[in-house]
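> give me coordinates for this.
(chains A and B)
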Amino acid sequence: MFFIPGFVITLVTFPGVIVHELGHQLFCRYFKVPVFKVVYFQMGNPAGYVLHEAVKNKAQGMLISIGPFIVNTIVGALISLPAALPVFKFHTAGPLDYVLIYLGVSIAMHAFPSSGDANVIWNSIKEQDTPRWVKILGYPVVGLIYLGSLGSFFWLDLLYGIGVAVGLPNLLIALLG
Amino acid sequence: MEEHLPAEQSPTEEESPGTGCANCGQPALEGNHAARLCGDCRAYFIRFPIPLWIRVFAGGICIVLLFSLFTLPKNLSLGIHLEKGIKAGKEKNYFTAEKELKSVLEKAPDNLEAKVHLTTAAFYNQDFETLMTLLKKLSKVRFEDQELFSELEATADKTLTYIPNDSFGNFTVSHPDLAKLTASDWEGYFLHNPDDNYAAIAYSSELYDRKEYETADSVLQTILKRTPEYGTALMLETNLKREQHKLDEAAVYCNRMLSMNHELPYGLAIQSRILLQQKKDKQALDLALKNYKKFDGNYYVVSSLMLAYHFNGRIPERDALVRQLQAAKLDSLAKTQVQYALDVIAQKEKFRD
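Here you go, the predicted structure:
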């Protein structure tokens, strides 16, 4: 397996980290949860974080934790959209297309919530006042996040990023064709 | 990553411990929340400001994105044409496939996928000009996609059987007038070249021209046993059976041709002529009209429609087509095809019983 230190990957794909934290922040804003501090990027572990008030509504709390999955996937797909076909299908890409693909893949790569996010969900669903349906959803979500983290050792996040970059234009072509 | 801090550990609480707002000290708190904040401070922290450099970064991405969006409609359109071309090829609608793939290559001339699939479509459309041009270009390309390479290789192998090989080339040099060759001359050639389909077609064409239909049929059957999908053999068999008035058998061979390419103009036109010969005039006209909508530039199709109009008593439409064809600039093959139809109409040629 091709091993590159994590901090190098994070440095190279820093746009994804920024959008990941922005994803948490935007979901906090949407659910009116006060945010006290945001570190969009730092050389360290974690590469970024958002400090916010403890969330009473457990479902909202879970959505805040997995917000980056939604935000990074959508933003990554949209940014890659005009560039994916020239780069991957027609080989007619210019410099701007490669910039967009780099941004799109970097952003989509960081869609997976981190193990830190998984811990937050885990601690939240363990509490007694958490509704049952949130627990039923929450446990598998935590499991998936940990699997995703493990998968990153095997470049699962990169594969996901590329899949998102290529997936949307191919879906559009299949629907319109 | 996100973290939520218990109220007593929130940054604001550290700055301003006590019973009032943890941020500004105001006594009036809002709601029953984990963090002790007044209304204004809660509103501020809910809308925690996004720094300027992030906004500039996002703005930069948006500008790059805007520039690239200009090319998105063109690329999506290309992608759709490519998808349609590949899908049409899989469904054996090779006329549509060729049209779609050519439109891709106009805008993206280096697209390998389109070129390979177009090669296949051109083969089945008997568009040998396009086919040979592409095969020549693609022979210099290094393929990474094994599936694409296999498709190209299969088409190239099939194409070779439609081109005279060196042996036949030498044979025609020593026997320039094939019409004068005897059966034993041909047998001598096939003794050393038993699998030469191209030569066998040349021989069966000579026999057909001499109206030696039984012998021609026998040669064609040998080809088809060896290569069941040999298009030229199927076409000759169709015409041969028509000449022998074995119209049901002609229809079988015509259908075999069309099963390889559902949109072969010549095959579809012959199908309508067979129906006319079987006196299924209405069916023939419906088919001929359908073909004409798609292949109005193909003179065999047009003259088939002319015949269909004639046998259906649609004289004004027939005559309009006659005028159209007489005004058109026709090559020698088209002239022959049109003239035959005109001779049938003038009853100089017998078309059916």
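> for the stretch 51-200 of chain B, which residues are neighbours of chain A?
Residues of the stretch 51-200 of chain B lying close to chain A (CB under 8 Å from any CB of the partner chain) are B:51, B:54, B:57, B:61, B:64-65, B:67-69, B:71-72, B:75-76, B:78-80, B:82-84, B:87, B:108, B:110-111, B:113. Every residue, glycine included, has its C-beta placed from N, CA and C.
> recalculate using a threshold of 7 Å.
Residues of the stretch 51-200 of chain B lying near chain A by CB under 7 Å from any CB of the partner chain: B:54, B:61, B:64-65, B:67-69, B:71-72, B:75-76, B:78-80, B:83-84, B:108, B:110-111.
> restricted to helices, list these.
B:54, B:61, B:64-65, B:67-69, B:72, B:75-76, B:78-80, B:83-84 (DSSP state H).
> please indicate which of the residues of the stretch 51-200 of chain B next to chain A are buried?
Buried members of these, counted by 16 or more other CB atoms under 10 Å in any protein chain shown: B:54, B:61, B:64-65, B:68, B:71-72, B:75-76, B:78-80, B:83-84, B:108, B:111.
> just flag the most distant two among these.
Comparing all pairs in those by CB to CB, the longest separation belongs to B:54 and B:84, at 42.1 Å.
> just checking, what's the longest helix in chain A?
helix A:58-84.
> report the buried residues of the following helix or strand past that helix.
Going down the chain from helix A:58-84, the next helix or strand is helix A:95-109, by DSSP states H and E. For helix A:95-109, the buried set under the neighbour-count rule, 16+ other CB under 10 Å, comprises A:96-97, A:99-109.
> kindly identify which of those also come near chain B.
Within the buried residues of helix A:95-109, those near chain B by CB under 7 Å from any CB are A:96-97, A:99-100, A:103.
> tabulate these (CSV), appending distance to residue B:256 and pLDDT.
Listed next are these as CSV, based on distance: CB to CB, whole Å; pLDDT from 0 to 100:
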residue, distance to residue B:256, pLDDT
A:96, 52, 86
A:97, 47, 88
A:99, 54, 90
A:100, 50, 89
A:103, 54, 92
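> ok, back up a step: with distance to residue B:200 as added columns, please give the buried residues of helix A:95-109 in TSV.
Shown next, in TSV, are the buried residues of helix A:95-109 (distance: CB to CB, whole Å):
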residue	distance to residue B:200
A:96	57
A:97	53
A:99	59
A:100	57
A:101	54
A:102	58
A:103	61
A:104	57
A:105	56
A:106	62
A:107	62
A:108	58
A:109	60
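> list just the nearest of those to residue A:64.
Of all those, residue A:107 has the smallest distance to residue A:64: 18.6 Å, by CB to CB.
> burial check on the closest residue to the closest one other than its chain neighbours, number of neighbours?
Leaving out its chain neighbours, the residue that sits closest to residue A:107 by CB to CB, 6 or more residues apart in numbering or on different chains is residue A:76, at 4.0 Å. Using other CB atoms under 10 Å in any protein chain shown, the number of residues around residue A:76 comes to 27.
> contacting residues for residue A:76?
Shown in contact with residue A:76 (CB atoms under 7 Å, 6 or more residues apart in numbering or on different chains): A:104-105, A:107-108, A:111, A:161, A:164-165.
> ok, now how distant is whichever residue of chain A sits closest to chain B from residue B:30?
Relative to chain B, the nearest point of chain A is residue A:34 (3.4 Å; CB to the nearest CB). Distance of residue A:34 to residue B:30, given as CB to CB, to the nearest Å: 10 Å.
> got it, and residue A:176?
Residue A:176 sits 50 Å away from residue B:30, taking CB to CB as the criterion.
> between these two, which one's more packed in?
residue B:30 (15 against 12).
> low-confidence ranges, the chain, go.
By default, I'm working from chain A. Within chain A, the stretches with pLDDT under 70 are A:1-3.
> wrong one, chain B
Within chain B, the stretches with pLDDT under 70 are B:1-18.
> apply 50 and report the result again.
Counting by pLDDT under 50, chain B contains low-confidence ranges at B:6-9, B:14.
> you'd agree residue A:160 is up against residue A:110?
No: with contacts counted by CB atoms under 7 Å, residue A:160 stays clear of residue A:110, the gap being 9.8 Å.
> between the two, which is the more surrounded one?
More crowded of residue A:160 and residue A:110, by other CB under 10 Å: residue A:110, with 30 against 24.
> about what we covered before: closest to residue A:136 among the ones next to chain B among the buried residues of helix A:95-109?
residue A:103 (36.4 Å).
> OK, contacts around that closest one?
By CB under 7 Å, 6+ apart, the contact set of residue A:103 is A:15, A:79, B:61.
> so which residue is dead centre in the chain?
Using chain A here. In chain A, the residue lying closest to the centroid (CA atoms, centre = their mean) is residue A:111, at 1.4 Å.
> could you do chain B instead?
Short answer for chain B (CA atoms, centre = their mean): residue B:97, at 1.6 Å.
> now do the longest helix of chain A against helix A:95-109, angle only.
Angle, helix A:58-84 to helix A:95-109, by axes from the mean of the first three to the mean of the last three CA atoms, to 10 degrees: 160 degrees.
> list the buried residues for helix A:58-84?
Neighbour-count burial for helix A:58-84, counted by 16+ other CB under 10 Å, picks out A:58-69, A:71-84.
> before we move on, what about stretch B:342-353?
Result for stretch B:342-353 [16+ other CB under 10 Å]: buried residues B:342, B:344-345, B:351.
> can you give me the helices for the stretch 201-350 of chain B?
B:213-226, B:231-243, B:247-260, B:265-277, B:281-294, B:299-311, B:315-327, B:332-345 (DSSP state H, counting those that start in this stretch).
> mind putting those helices in TSV, distance to chain A included?
Output for the helices of the stretch 201-350 of chain B, formatted as TSV (distance: least, CB to the nearest CB, whole Å):
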stretch	distance to chain A
helix B:213-226	37
helix B:231-243	29
helix B:247-260	24
helix B:265-277	25
helix B:281-294	20
helix B:299-311	28
helix B:315-327	35
helix B:332-345	35
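> ok, which of those helices comes nearest residue B:162?
helix B:231-243 (7.1 Å).
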